[in-house]
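J.: Could you work out the structure for the sequence below:
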Amino acid sequence: MKVTMFNQTKEVPQGTRLIDLLEENEKKKYICANVNNRLRELDYIVSEDSEVVFLDKTNSDAMLIYQNSIRYLFAMAVNRLYKKVKVVFNNSVSRAIFANISGINGPVNIKELTKIENEMRDLIKQDLPIKRYSTTIEEAKKIYNNLGYYDKSNTLEYRPEPTVHMYKCDNYLNYMFGYMVPSTGYLDDFKLRLYFPGLLIQYPRAELGGIIPDFTDEKVFSKALKESNEWGNITKASSIWQMNKIIENGQEREFINLCETKHNNMLAELGHAIKKDPEIRLIAIAGPSSSGKTTFCNRLRVELLSRGLKPVMISLDNYYKNISDVPLTEKGEPDLEHIEALDIEQFDSDMVRLIQGEEVQLPVYNFHTKKREPGEIVKVEKGQPIMIEGIHALNDRLTPSIPSTQKFKIYIAPQAQYHIDSQNPISMTDIRLIRRLVRDYKYRNASAEETLSMWENVRKGEFTWIYPTQSEANFVYNSELSYELCVMKKYAMKVLQDVKPDSRYYITANRLLKFLKYFKDIDDKWVPCNSILREFIGGSIFYDN
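T.: Have a look, this model is predicted:
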């Protein structure tokens, strides 16, 4: 066979594994490989002429495998130290995994953390092989039931295939819903940190060039994630099998109302907080792509109107500089996501003048000529708040002349603690990506490939401009709807299934399809017309769609 790698082509014998193609001193540098546009483990046996690209810790697909593997290693270490103990993994602050251990007589303390880390380091030192094999659904269920992981067993009830993959390492069996590294020796880069009532597992991040981020205790987001976890406990719907049981029991309509009521309650809480503080003049709203910002702004406006406030909505987009004055990207293209693409000086001046009661002629950005033009003349009455929404809305560089006491900052994003099973949390980023895939196809006639081709740059902009300012938020609005993947499944799968195996985006499409197929469907006719979900599937009361 011919294998092309590192810009060279060579012949290799049948039965060659990917890892055997690497020099000995480079084998642990890479996590996996892209083989003819398919993501493959390093133990994969090459069976045809192939183009191979080895992926390291700077690649997001590779780091998903690393994260799967580090969760596996942690669960294995705990299993070796304690019997009849269960580990649950959740999304957490500071881009880390939260691990909760039940059955060790109280919360984890520094002594227990040290024991677990030492056990993990010992397993890494032994460099034990991690082998994949297939087994029947029934056999896998027996293994999980013996370990006390009944939710993992229950999830398999909804797997359409008759077999399932598992991984074995030194007689330990488990599956973290994805590929793994070849051996424990690959996993030496992690940190453990106590975080009551459990601990955090920090690991390298691709967006940081493969290093572990500094820990930041984001209090507002920690609270939001804790509330999300409590919500899962209240609804008994924090994993796929629980959600599917709700549907099987004919309770989906009640559950939809329950989820939407949670959003109503948060809006009421926001309305009360804004109403009771007469100093608030500027309401700033920001969040990453597909968080539901547009619908949220409309609903917040209605909420404030019901309290006697008459908010004025001003678009940041109208403050773009003329295209010739916009900063350039590394590729020499206009960077419309850069804060300096906005006329900060004019925006700050206009907002101050409006707050002072002056008449101001707002600009309008003409996206055809890519220049600003004169717009409507606006005057804001005393006590009338201004609402702004955009990628830079929470950044104080935008409004340096307005005192912080006059600003109320809202960060909106799905803060989900939703799981395939208790050891496999669903990424909040994946929820947003699925929303965007569905929306782009419906409203822009964009294929999955078109949306996925933009996603890397979208994420880059989020890390550069949104996440650094999110900790300044006065309120985190959790736009997650626990039933949404059951509604969007049919839309998302249709779009994703059009991605062909020879596409460079097949890896991501295939990964999303793998867990979407577990969900049962909910008819979207039950989704309220003012729901955030309508922003993506259509039928919103706020738009002509």
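J.: quick one: Ala416 from Ala75, how far?
T.: From Ala416 across to Ala75, the span is 21 Å (CB to CB, to the nearest Å). Where C-beta positions appear, they are placed from N, C-alpha and C, glycine not excepted.
J.: Have a look at those two and say which one is more surrounded.
T.: Ala416 (28 against 23; other CB atoms under 10 Å).
J.: just checking, the more buried one touches Glu227?
T.: No - with contact defined as CB atoms under 8 Å, Ala416 and Glu227 do not form a contacting pair (11.5 Å).
J.: Between these two, which contacts overlap?
T.: Shared contacts of Ala416 and Glu227 (CB atoms under 8 Å, 6 or more residues apart in numbering): Asn478.
J.: can you pull the pLDDT of the closest residue to Ile45 other than its chain neighbours?
T.: Distances taken as CB to CB, 6 or more residues apart in numbering put Arg17 closest to Ile45, at 5.5 Å, once the chain neighbours are dropped. We have a pLDDT of 96 for Arg17.
J.: For Arg17, give me its contacts.
T.: Counted by CB under 8 Å, 6+ apart, Arg17 has contacts Leu42, Asp43, Tyr44, Ile45, Val46.
J.: Which among those residues count as buried?
T.: When the contacts of Arg17 are checked for burial by 16 or more other CB atoms under 10 Å, the buried set is Leu42, Asp43, Tyr44, Val46.
J.: Out of the residues you listed, which comes closest to Gly148?
T.: Minimum distance to Gly148 across the buried ones among the contacts of Arg17 is 29.2 Å, recorded for Asp43 (CB to CB).
J.: ok, now which ones touch that closest one?
T.: Arg17, Leu18, Ile19, Lys131, Arg132, Pro182.
J.: quick one: the residue most central in space within the chain from Arg205, how far?
T.: The C-alpha lying nearest the average C-alpha coordinate of the chain belongs to Thr429 (CA atoms, centre = their mean; 1.7 Å). From Thr429 across to Arg205, the span is 12 Å (CB to CB).
J.: do the same with Thr184
T.: For Thr184, the distance to Arg205 (CB to CB) stands at 21 Å.
J.: who has more neighbours, these two?
T.: Thr184 (26 against 20).
J.: separation between the more buried one and Lys168?
T.: Distance of Thr184 to Lys168, given as CB to CB: 12 Å.
J.: for the helix or strand bottoming out on mean pLDDT in the chain, which positions count as buried?
T.: Sorted by mean pLDDT, DSSP states H and E, the helices and strands of the chain end with helix 219-235, the least confident at a mean of 83. Neighbour-count burial for helix 219-235 flags Val220, Phe221, Ser222, Ala224, Leu225, Glu227, Ser228, Asn229, Trp231, Gly232, Thr235 (criterion: 16+ other CB under 10 Å).
J.: Switch the residues you listed over to JSON lines; also include distance to Tyr82.
T.: Output for these, formatted as JSON lines (distance: CB to CB, whole Å):
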{"residue": "Val220", "distance to Tyr82": "34"}
{"residue": "Phe221", "distance to Tyr82": "30"}
{"residue": "Ser222", "distance to Tyr82": "26"}
{"residue": "Ala224", "distance to Tyr82": "31"}
{"residue": "Leu225", "distance to Tyr82": "26"}
{"residue": "Glu227", "distance to Tyr82": "29"}
{"residue": "Ser228", "distance to Tyr82": "27"}
{"residue": "Asn229", "distance to Tyr82": "22"}
{"residue": "Trp231", "distance to Tyr82": "29"}
{"residue": "Gly232", "distance to Tyr82": "24"}
{"residue": "Thr235", "distance to Tyr82": "30"}
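J.: for the residues you listed, which one is nearest Lys514?
T.: Gly232 (22.0 Å).
J.: who's in contact with the nearest residue to the closest one once chain neighbours are set aside?
T.: Leaving aside its chain neighbours, Gly232 sits nearest to Ser238 (2.9 Å; criterion: CB to CB, 6+ apart). Under the criterion of CB under 8 Å, 6+ apart, the contact list for Ser238 reads Asn229, Trp231, Gly232, Gln417, Tyr418, His419, Ser482.
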